[in-house]
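Colleague: Pasted the sequence and its predicted model underneath.
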Amino acid sequence: MALLQKQVCIAMRDAHYNKHSGLQHAAMSRGLKLIPELADNSVEFVRRILNSVSDGTAVEILLEDTPFNDFSSLSKTLHAEIDQPFTERQVRLFPRMIPVGFYNRIVPNQLVDLGVSWSSMNYLRTQPAFEFSLQSTAADFAAEKHEAFSSTAHQDLISFMTLRASEIREGGCLVAALGAQKPALEANYERTIEEVEKVLHMPSISKFWSAEVLEPELIEHPAWAEYQATCESAGTDQVKKENARREYAQSAILNLVSSSGWFWLDILKTHRGPRWDGGDDFLENLVQDSVQEWIKNFPNLKMETWYIYLRARRHADD
């Protein structure tokens, strides 16, 4: 039996993603220290960039995602939280929103000083194709799938680094957090340090890039620390502890559903037809049931994931 290769349409397009992206925000906050001359989301990063420049500076921010992204919410957030606070300093912000996936050229040559990528480089350009027998064991199936995903991820990282080398100026930087999420329903792949190093050491890549930082770190959802602190302060108050446990479970589940729920709905629509409009009810019931399951069977499960942090410097072509 063959699982055919197909195009992947990844985007953070759920309207509530920004509100429930605590884990992704924690991963981004950890990565900010890798940005030269700098110490919740893209807005926090943009704010820090603007705070670092001199009065009267003009800054162009290029915000890229696939055409499926919720650019409307992003635009409103930028206008509300970024534009006004910097008018007194005459810092001029010129945002540009680019609805093009990052496995394509995004901007003209040598335009960018600093490129950043948070929690998205694990997504692959295409769903890998691989063959397996109906008589295959679970171990055989896992091995075939890993080989297919690993090969695709290798080629995708080569493509990504090559494309960014054209767009980032000599002396500029690329800072990235590669989310270490295990392959599940979505077309993503958990790279190892060794797999990333293999690409960075290839002559076709190393002639453009010098890796200054490459390190793994385990990032926990900030709601976990809040839950632990609340339980500790609650003492013998069981009601307060139960409420804290429910809030933590809901934060964890909403993080997963907000980032991936749209993908599950796309699959359901392929089976139930494009006119099916039960998506909101489905996700609401899924959240409620999952929270109950979490509280019952995994009350003290810490939500955490590995990230690989990369800072690469664009040097002069050899």
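Modeller: That came in fine, so what should we check first? Numbers count the residues shown, from 1 in each chain.
Colleague: Domain ranges for the chain, per the record?
Modeller: 2-221+304-314, 222-297 (automatic domain parsing).
Colleague: Can I get those domains in TSV including mean pLDDT?
Modeller: Shown next, in TSV, are those (pLDDT from 0 to 100):
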stretch	mean pLDDT
domain 2-221+304-314	78
domain 222-297	90
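Colleague: will you turn the ones you listed into CSV that also has mean neighbour count?
Modeller: For glycine as for every other residue, the C-beta is placed from the backbone atoms N, C-alpha and C. Formatted as CSV, these follow (neighbours: other CB atoms under 10 Å):
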stretch, mean neighbour count
domain 2-221+304-314, 16
domain 222-297, 15
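Colleague: From the chain's centroid, how far away is stretch 141-159?
Modeller: 19 Å (CA atoms, centre = their mean, to the nearest Å).
Colleague: same question, stretch 207-226
Modeller: Using CA atoms, centre = their mean, the offset of stretch 207-226 from its chain centre is 12 Å.
Colleague: begin at 6 from here
Modeller: Happy to do that; since the first residue is 6 now, the last one works out to stretch 212-231.
Colleague: Run through the residues that contact residue 306.
Modeller: 257, 299 (CB atoms under 8 Å, 6 or more residues apart in numbering).
Colleague: same deal with residue 122?
Modeller: Residues near residue 122 by CB under 8 Å, 6+ apart: 107, 179, 180, 181, 182.
Colleague: how about the second one, phi and psi?
Modeller: Its backbone dihedrals place residue 179 at phi -120, psi 120, with angles given as degrees, to the nearest 10.
Colleague: do you know how far it is from residue 198?
Modeller: When CB to CB, to the nearest Å is the yardstick, residue 179 and residue 198 sit 17 Å from each other.
Colleague: returning to what we had before: among the contacts of residue 122, which lie within strands?
Modeller: Counting by DSSP state E, the contacts of residue 122 place 179, 180, 181, 182 in strands.
Colleague: Turn the residues you listed into a markdown table, including distance to residue 265.
Modeller: Shown next, in a markdown table, are the ones in strands among the contacts of residue 122 (distance: CB to CB, whole Å):
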| residue | distance to residue 265 |
| --- | --- |
| 179 | 26 |
| 180 | 25 |
| 181 | 21 |
| 182 | 18 |
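Colleague: what's the offset of stretch 262-273 from the middle of its chain?
Modeller: Here the centre of stretch 262-273 is set off from its chain's centre by 15 Å, with CA atoms, centre = their mean.
Colleague: Equivalent analysis for stretch 264-277, please.
Modeller: Between the centre of stretch 264-277 and the centre of its chain there are 19 Å (CA atoms, centre = their mean).
Colleague: likewise stretch 296-307?
Modeller: 25 Å.
Colleague: End to end on it, go ahead and measure it.
Modeller: End-to-end span of stretch 296-307 (CA to CA, to the nearest Å): 14 Å.
Colleague: and residue 266, what element?
Modeller: helix 243-277 (DSSP states H and E).
Colleague: just to revisit the earlier point, nearest to residue 292 among the contacts of residue 122?
Modeller: Relative to residue 292, the closest of these is residue 182; by CB to CB it sits at 26.1 Å.
Colleague: my guess is the closest one meets residue 313, correct?
Modeller: Yes - counting by CB atoms under 8 Å, residue 182 does reach residue 313; the two are 7.3 Å apart.
Colleague: Helices of the stretch 156-305 of the chain, residue ranges please.
Modeller: Along the stretch 156-305 of the chain, the segments classed as helices by DSSP state H, counting those that start in this stretch run 198-205, 208-211, 227-239, 243-277, 284-302.
Colleague: Which among those helices is found nearest to residue 167?
Modeller: Residue 167 lies closest, by CB to CB, to one member of the helices of the stretch 156-305 of the chain: helix 208-211, at 7.0 Å.
Colleague: by contact count, what packs against that closest one?
Modeller: helix 143-172 (3 or more CB pairs under 8 Å, 6 or more residues apart in numbering; DSSP states H and E).
Colleague: Enumerate every residue touching residue 111.
Modeller: Residue 111 touches 67, 69, 103, 105, 168, 172, counting by CB under 8 Å, 6+ apart.
Colleague: any chance of these in CSV, with distance to residue 252 too?
Modeller: What follows is the contacts of residue 111, written out as CSV (distance: CB to CB, whole Å):
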residue, distance to residue 252
67, 37
69, 34
103, 37
105, 38
168, 42
172, 42
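Colleague: what's the closest of those residues to residue 135?
Modeller: Of all those, residue 168 has the smallest distance to residue 135: 25.6 Å, by CB to CB.
Colleague: With adjacent residues omitted, what lies nearest to that closest one?
Modeller: Leaving aside its sequence neighbours, residue 168 sits nearest to residue 110 (CB to CB, 6 or more residues apart in numbering; 6.0 Å).
Colleague: pretty sure that neighbour is touching residue 169, no?
Modeller: No - with contacts counted by CB under 8 Å, residue 110 stays clear of residue 169, the gap being 9.8 Å.
Colleague: quick one: residue 177 and residue 232, what's the gap?
Modeller: According to CB to CB, residue 177 stands 40 Å off from residue 232.
Colleague: Right, I'll leave it there.
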